[in-house]
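[1] Here is my input; please provide its structure:
(4 chains)
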Protein chains: 2
Amino acid sequence: MTSPRWLTPEELRAWINYLDCSTLLNDYLDQQLRRDAAVTHADYSLLARLSVAPDRALGMSLLAEQLKFTRSRLTRAVIRLEESGYVRRREDPADGRGQLAELTDAGMELMTKAAPGHVAAVRRVVFDALSHEQVEQLATITATVVASLKQAGEEDAYPATLPWHRR
Amino acid sequence: MTSPRWLTPEELRAWINYLDCSTLLNDYLDQQLRRDAAVTHADYSLLARLSVAPDRALGMSLLAEQLKFTRSRLTRAVIRLEESGYVRRREDPADGRGQLAELTDAGMELMTKAAPGHVAAVRRVVFDALSHEQVEQLATITATVVASLKQAGEEDAYPATLPWHRR
DNA sequence: CCGAAGTGTTTGAACAGGCAAACACCTCGG
DNA sequence: CCGAGGTGTTTGCCTGTTCAAACACTTCGG
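    I've put the predicted structure just below:
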């Protein structure tokens, strides 16, 4: 690093906007779901993944990977949701080490009640405010950054740690 | 809500990409700062705000607002940073109720050490991967969403709670 | 000058999430 | 068939965050 290249004014503006956007959007959706469906955004995402899975069930590791959760976070989240009656766990018939998380009927019912409001909220603050072109731009930009993160992660991780998502 | 308008496939793709991007990017930067400068991304942002403020000092409420922190979150964060020696607090001479958070020399030194690496990381995973046009698109899109969130927040909040940032 | 209402900040209690270590089970070479 | 090493999951402990209630000070109407 010779002289650390700073961000240009446009980059800085984009960066600050992005940071604010990401925080506020997350807060907004979390509030909306808490208020209207009594779940957090994180729990909602978990249930949503299960609701579209075949048999409404997924292995814990797979689920953690999709959600970008640490395994321990997932364990605790699933325990909580199990206590609330939305999820059930059973052993993976194919692998004695594995557990499957399965959406219960109550969980499915919650999703069908909560999803319309959530989708409406996302629409309202994001997609209704953006043009069709901007939606495409957003998809491309975020995909690019994700790819770039993936590559950066692999390079950094050569010594030892953080294989996929801090393991 | 007649029949809840679902998301189109492109919208859904954009949304999922965005969600992944936001999570992974935050994780990545947090790891980078923890590893290279022994601070969290949140603490870094706080110190960064102070470092560019006049006299390196800001009132607690103003700082909380800029950072989108709860007031209580800010209180505790500042206490922690004060114990680490990066921040000092003093009474606001203009208002006996208020406190000012001020960056110490140690804090400033930390920032000058940490900033280049952080900026390099942001460049690497975001701006080096995007074209100049995409940076502008990102700035516009995020600004639009922030504005739309602000409006949505005001409308929702008519009954009672959540004035600015859940108060 | 008094007290009510407003604004700025902190505290107490509860909980989510991260890391690292432990545990359980599978798989494969010998 | 045994044990070493891998993979899937959970647990213990600690830190950071939230919500609500308390505190502290200021301001303003009477």
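
[2] Show me which residues of chain A sit near DNA strand D.
    A:59-61, A:64, A:71-72, A:74-76, A:78-79, A:89, A:92, A:95, A:97-99 (C-beta under 7 Å from any atom of the strand). The way it works is simple: take the backbone N, C-alpha and C, and place the C-beta from them, glycine included.

[3] mind listing which of those are in helices?
    By the criterion of DSSP state H, membership of these in helices covers A:60-61, A:64, A:71-72, A:74-76, A:78-79.

[4] Could you pull out the strands in chain A for me?
    Taking DSSP state E, the strands of chain A run over residues A:57-59, A:87-92, A:95-103.

[5] so who does the spatially most central residue of chain A touch?
    For chain A, the residue sitting closest to the mean C-alpha position, by C-alpha atoms, centre = their mean, is A:Leu67 at 4.6 Å. Residues near A:Leu67 by C-beta atoms under 8 Å, 6 or more residues apart in numbering or on different chains: A:42, A:45-46, A:49, A:74.

[6] Distance check, it against B:Glu65.
    31 Å (C-beta to C-beta, to the nearest Å).

[7] how big is the angle separating the helix ranked longest in chain A from helix B:9-37?
    The longest helix of chain A (DSSP H) is helix A:9-37. Put simply, helix A:9-37 runs at 110 degrees to helix B:9-37, going by axes from the mean of the first three to the mean of the last three C-alpha atoms, to 10 degrees.

[8] check whether helix A:9-37 contacts DNA strand C.
    No. Using C-beta under 7 Å from any atom of the strand, we find that helix A:9-37 stays clear of DNA strand C, coming within 9.8 Å at best.

[9] wait, does that helix make contact with chain B?
    Yes. Applying C-beta under 8 Å from any C-beta of the partner chain, one finds helix A:9-37 touching chain B at A:10-11, A:13-15, A:17-28, A:31.

[10] gap between that helix and the chain center?
    For helix A:9-37, the separation from the chain centroid amounts to 14 Å (computed by C-alpha atoms, centre = their mean, to the nearest Å).

[11] Stretch A:143-153 too?
    Taking mean C-alpha positions (C-alpha atoms, centre = their mean), stretch A:143-153 and its chain are 16 Å apart.

[12] Going through the ones in helices among the residues of chain A next to DNA strand D, which ones are buried?
    For those, a burial check counting by 16 or more other C-beta atoms under 10 Å in any protein chain shown picks out A:60, A:64, A:74-75, A:78.

[13] Next one: the residue nearest to the centre of chain A from A:Leu33, what distance?
    As judged by C-beta to C-beta, A:Leu67 and A:Leu33 stand 15 Å apart.

[14] Ok, A:Gly98 next?
    Counting by C-beta to C-beta, the gap from A:Gly98 to A:Leu33 is 29 Å.

[15] my guess is A:Val39 contacts A:Leu110, does it?
    Yes. With contacts counted by C-beta atoms under 8 Å, A:Val39 reaches A:Leu110, the gap being 7.2 Å.

[16] any shared contact partners between those two?
    A:Leu47.
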